[in-house]
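Undergrad: Show me how the following folds:
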Amino acid sequence: MSSEFDYFGDPRFGKLFDLVLQLSTELHVTRQRLRVVEALLVRRDLLTAGEVDGFDPQADEAQLLDTERDALLVRLMRILTEDGPAEHPLRSQWEAALNGKSG
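TA: Alright, predicted model coming up:
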């Protein structure tokens, strides 16, 4: 990273900021594409406008959505609360994932 763009005085913060921007961009693109898919489904009378927003999941669907949400929160909280060295946070979890084990 060029010092010309080092706004935080620490390249690790710059990398973290770059990561957040990249993830935000990916989320924006995904949301836009999802809206396009929904609009196309409405145009083809496969959905009605607002049907996705009013979705009322059945018990098994709600369980799956809750499980996926909880797993995401666990991953995010692990990142926030991990205590590994700053040079390689979550190294054991990363290596376990690469080796096909849960960590």
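
Undergrad: What lies in contact with stretch 65-77?
TA: Stretch 65-77 is contacted from outside by Pro57, using C-beta atoms under 8 Å, 6 or more residues apart in numbering. No exception for glycine: its C-beta is placed from N, CA and C like everyone else's.

Undergrad: Could you chop the chain up by domain?
TA: 1-55, 56-103 (automatic domain parsing).

Undergrad: so can I have TSV of those domains showing mean pLDDT?
TA: Shown next, in TSV, are the domains of the chain (pLDDT from 0 to 100):
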stretch	mean pLDDT
domain 1-55	88
domain 56-103	80
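
Undergrad: Check which helices and strands the lengthiest helix in the chain sits against.
TA: The longest helix of the chain (DSSP state H) is helix 11-43. Here helix 11-43 touches no other helix or strand, going by 3 or more C-beta pairs under 8 Å, 6 or more residues apart in numbering; DSSP states H and E.

Undergrad: one step back: dump the domains of the chain to TSV, plus mean neighbour count.
TA: Shown next, in TSV, are those (neighbours: other C-beta atoms under 10 Å):
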stretch	mean neighbour count
domain 1-55	11
domain 56-103	10
